[in-house]
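J.: fold the following.
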Amino acid sequence: MKSAVKISNLHWKYPSFAGMENPWVIRGIDLKIEKGQVIGITGPSGVGKTTLCRLILGVLPHGTKIPFRQFNNHIRGSVELFGEAITRVDESANVVDGVPLGSLGGKGLLSPRIGMIQQDPENQFLQMSLLQELSCGLSIQGIGPEEIRQRASHALEMVGLGTLWEDAKHIHPLDLSGGQKQRVAIAAFLALNPEILIMDEPTSDLDPLGKYEIIQTVQRLKEEKGMTIILVEHDPELLYSFCDQIVLMDEGQIVTIAEPRSFYTQTDMLEDHGVYSFEVTRISTAVGLAGNRQAPVTVDDMVALLAPRQAAIQSPLTARSSQEAVIRVSDLCYRYQDGTDALQGVDLTVRRGEMTALLGINGSGKTTLAKILAGIYTASAGKVSVFDQDLSERRVRYKIPQHVGYVFQNPDHQLFTRRVYDEVAYGLENLSLPSGERDDIIRKTLETVGLLDLLEEDPLFLGKGQRQRLAVASVLAMGPEILIVDEPTTGQDFRMISGIMTLLDELHQQNKTIIVITHDINLVANHCPHAVVMLDGRVIFDGDPRELFANPAILERTHLRSPQSVGLSLAMRAINPNFPILLNTEEWIGALKI
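T.: From the prediction side, this is the model:
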């Protein structure tokens with residue numbers, strides 16, 4: 001039986017029209033994917049994962065302009081779908097003066113047998129209604145109206161959105177939630193009956209509910225349709241749960257291909273390449289718990305190793321900051337102009353020097369609350385004070401940027417100059433500081449975020465992690481005592497997240513008060529001693545993350561889940577009811593080394 005995908009000695013570099021050639025992005029990849037397999041692709045950001053997917057799809061090279069008769073300078077090797085060439089370069093053709101110039105063969109752009117879901121589904125929407133979005137590709141293929149309706153309706157059912165079918169004519173795709181948008185993008189491809197579906201980080205921009213919805217959809221596609229799926233992801237739990245094999249990519253090459261359990265027990269290799277691994281694997285490796293046995297990957301694996309030693313583990317001591325309150329919120333309400341009640345009686349206290357996590361599904365009121373604290377929005381009712389200054393007074397809100405810095409979720413919404421240095425300088429110029437003092441602050445701040453060597457660079461040419469750090473730097477230079485950071489780790493790899501959180505930890509150690517809006521439970525468990533959970537415009541939890549992650553009722557209501565470390569603690573409590581709740585890898589390693 002022919003492979004669904006066969007890639008042979010594939011090389012690719014993007015064309016450059018500026019006189020200097022770009023480096024190879026894909027370098028000698030060989031890969032076979034059999035029909036019905038779910039293949040995971042992981043690795044650091046910028047190593048060619050998405051480029052490889054576009055080559056399999058056929059968008060590259062066929063949708064890119066390549067200089068005439070220079071194909072083999074940009075692409076070599078071949079990509080086949082079900083035995084038919086999508087891309088093949090004949091390097092022996094068109095020889096001029098003994099130099100092969102190459103010729104490009106294959107079936108060309110976008111085979112109907114394959115579809116790709118991007119990280120941001122909005123980039124794929126073309127139409128003004130849900131029905132039109134589902135019907136677009138079918139209409140292009142000349143499918144009749146009745147069959148279009150049947151296929152579109154069935155596709156919505158497959159992704160769990162069948163209840164939207166009756167109103168599909170009147171629903172605009174952009175009015176849906178993040179998880180629903182992603183599922184509509186999947187449904188639009190399912191209606192075309194593709195045999196291969198590529199999903200490029202489909203959950204990275206989603207809240208806990210949206211992520212759960214996509215996980216359920218992938219499960220259904222695997223079990224009911226037996227579709228060949230290529231899943232590009234950073235999340236080890238998602239890859240471990242669904243993939244038959246996992247491919248690790250770095251620097252445009254395949255480092256290894258292995259089945260999930262074998263893949264995730266190779267902790268040294270994963271760490272060397274900046275890839276997430278499981279907490280229980282890292283814990284076991286750090287304390288030598290597995291011995292000669294295979295390292296654990298699941299909670300059950302680890303419980304089997306821990307059961308004989310569980311009596312020796314002690315509970316860590318934690319206490320909330322006793323410093324004075326710098327933020328006080330009482331009965332806060334906010335109503336948008338369309339009548340939406342975003343906040344409905346919020347009460348909150350944040351103390352000086354705390355690192356607070358603000359959690360909740362999209363629409364729960366997190367960002368609205370944060371923008372009120374930053375003086376961007378004005379409360380509809382209730383009271384908000386920052387350093388005992390009432391934010392209902394205009395003069396206080398005018399000066400609040402000197403005390404509260406706000407870093408947007410998308411750094412591109414915040415960066416607008418064409419030079420890294422100027423980006424940090426902009427806010428300082430408004431403070432009327434002497435030029436020498438201003439220059440010292442700019443350089444020191446850029447050094448703090450690891451961007452001093454890029455001070456002359458255009459922010460447009462920075463990676464996403466670098467742009468995120470630049471956004472933090474532009475706010476940090478102003479010297480705010482309170483820093484609010486909205487989703488700083490979304491869509492970033494292990495190394496980028498580690499870099500950003502190291503920076504925030506250093507600021508925290510300087511007694512800065514930091515509020516992190518996040519969906520990342522591991523970030524909360526590892527860095528935030530204080531957690532606040534919102535739902536429907538109200539605070540439903542305010543306290544120690546240890547208590548939050550051990551509370552199944554709140555987790556179920558908010559679609560949050562416990563980190564693996566807490567899940568392990570709860571599993572051990574089934575053996576010993578007095579077993580402590582250990583919040584993260586560091587606590588587990590410390591407890592096991594006692």
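J.: for the record, mean pLDDT for the longest helix along the chain?
T.: Using DSSP state H, we find that the single longest helix of the chain is helix 494-509. On average, the pLDDT along helix 494-509 is 83.
J.: which is the next helix or strand following it?
T.: Of the helices and strands lying after helix 494-509 in sequence (DSSP states H and E), the nearest is strand 513-517.
J.: pull out the CA atoms of that following strand and give them to me as PDB.
T.: Provided in PDB are the C-alpha atoms of strand 513-517 (Å, rounded to 0.1, in the frame of the first residue of the first chain):
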ATOM      1  CA  THR A 513       4.000  43.700  41.700                       C
ATOM      2  CA  ILE A 514       3.100  41.600  38.600                       C
ATOM      3  CA  ILE A 515      -0.200  40.400  37.300                       C
ATOM      4  CA  VAL A 516       0.000  37.800  34.600                       C
ATOM      5  CA  ILE A 517      -3.200  37.100  32.500                       C
END
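J.: run a quick neighbour tally on the residue nearest to V184 when sequence neighbours are not counted.
T.: Nearest non-adjacent residue to V184, counting by C-beta to C-beta, 6 or more residues apart in numbering: P173, 5.6 Å away. All C-beta spots, glycine's among them, are computed from the backbone N, C-alpha and C. P173 has 22 neighbours, counted by other C-beta atoms under 10 Å.
J.: neighbours around Q510, how many?
T.: Burial of Q510, expressed as a neighbour count using other C-beta under 10 Å, amounts to 8.
J.: so how far is A342 from it?
T.: Q510 is 32 Å from A342, where distance means C-beta to C-beta, to the nearest Å.
J.: what of K593?
T.: Distance, K593 to A342, by C-beta to C-beta: 46 Å.
J.: for D493, grab phi and psi.
T.: phi -80, psi 180 (degrees, to the nearest 10).
J.: can you check G382 too?
T.: G382 adopts backbone torsions of phi 90, psi -170, taken as degrees, to the nearest 10.
J.: ends of stretch 480-496, how far apart?
T.: Terminal residues of stretch 480-496 are spaced 23 Å apart (C-alpha to C-alpha, to the nearest Å).
J.: what about L52, which helix or strand?
T.: helix 49-57.
J.: let's see that helix as CSV, backbone CA atoms only.
T.: Output of helix 49-57 as CSV, limited to C-alpha atoms (Å, rounded to 0.1, in the frame of the first residue of the first chain):
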residue,chain,number,x,y,z
LYS,A,49,7.8,22.9,11.1
THR,A,50,5.2,25.2,9.4
THR,A,51,7.4,25.4,6.2
LEU,A,52,7.4,21.6,6.0
CYS,A,53,3.7,21.5,6.3
ARG,A,54,3.3,24.1,3.5
LEU,A,55,5.6,21.9,1.3
ILE,A,56,3.4,18.9,2.0
LEU,A,57,0.3,21.0,1.2
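J.: still on that earlier bit, buried residues in the longest helix of the chain?
T.: Using 16 or more other C-beta atoms under 10 Å as the test for burial, helix 494-509 gives F494, M496, I497, G499, I500, M501, L503, L504, L507, H508.
J.: and what of stretch 231-246?
T.: In stretch 231-246, counting by 16+ other C-beta under 10 Å, buried: 231-236, 238-240, 242-243, 245-246.
J.: so of these, which ones are in helices?
T.: Those of those lying in helices (DSSP H): P236, L238, L239, Y240, F242.
J.: which of those lies closest to L192?
T.: Proximity of these to L192 (C-beta to C-beta) peaks at F242, which lies at 21.9 Å.
J.: which stretches of the stretch 51-200 of the chain have low pLDDT?
T.: Scanning the stretch 51-200 of the chain for pLDDT under 70 picks out the ranges 68-69, 89-111, 127.
J.: as a check, name the ranges of all strands in it.
T.: Assigned by DSSP state E, counting those that start in this stretch, the stretch 51-200 of the chain shows strands spanning 75-81, 84-90, 95-96, 99-100, 103-105, 114-117, 196-200.
J.: so which of these gets nearest R151?
T.: strand 114-117 (13.5 Å).
J.: which residues touch that closest one?
T.: Applying C-beta atoms under 8 Å, 6 or more residues apart in numbering, the contact partners of strand 114-117 are 53-54, 56-59, 81, 124, 182, 185-186, 189, 192, 194-200, 202.
J.: ok, G427 - how many residues close by?
T.: Applying other C-beta under 10 Å, we find 17 residues neighbouring G427.
J.: is it fair to say it lies in a strand?
T.: No: counting by DSSP: H, G, I helix; E, B strand; the rest coil, G427 falls outside a strand, being helix.
J.: didn't S204 look like it was pressed against T489?
T.: No: the criterion here is C-beta atoms under 8 Å, and S204 misses it with T489 at 9.6 Å.
J.: which of the two has more neighbours?
T.: Between S204 and T489, counted using other C-beta under 10 Å, the more crowded position is T489 (22 against 18).
J.: so for the more buried one, what's the nearest residue that isn't a sequence neighbour?
T.: By the measure of C-beta to C-beta, 6+ apart, the closest residue to T489 outside its immediate chain neighbours is I497, 4.5 Å from it.
J.: do you know how far that neighbour is from I521?
T.: I497 is 13 Å from I521, by C-beta to C-beta.
J.: element containing the nearest residue to T417 once chain neighbours are set aside, please.
T.: Nearest non-adjacent residue to T417, counting by C-beta to C-beta, 6+ apart: E423, 4.7 Å away. For E423, the host element (DSSP H and E) is helix 420-429.
J.: pull out the buried positions in that helix.
T.: V420, Y421, D422, E423, V424, A425, G427, L428.
J.: enumerate every residue touching the residue lying closest to the second one once chain neighbours are set aside.
T.: Spelled out, that is Y421. The shortest distance from Y421 to any non-neighbouring residue, by C-beta to C-beta, 6+ apart, is to L455 (4.4 Å). Residues in contact with L455, defined by C-beta under 8 Å, 6+ apart, are R419, V420, Y421, I442, R443, L446.
J.: just checking, the third one touches E456?
T.: Yes: in this structure, Y421 is within contact of E456 by C-beta under 8 Å, at 6.7 Å.
J.: re earlier: got a pLDDT number for the residue nearest to Y421?
T.: pLDDT at L455 comes out at 89.
J.: what separates it from A550, distance-wise?
T.: 46 Å.
J.: now this structure, which segments are flagged as low pLDDT?
T.: 1, 17-19, 68-69, 89-111, 127, 292, 309-315, 317-321, 491, 594.
J.: tell me how many other residues crowd V532.
T.: Neighbourhood size, V532 [other C-beta under 10 Å]: 24.
J.: pretty sure it contacts E354?
T.: No: between V532 and E354 there is no contact under C-beta under 8 Å: 10.5 Å.
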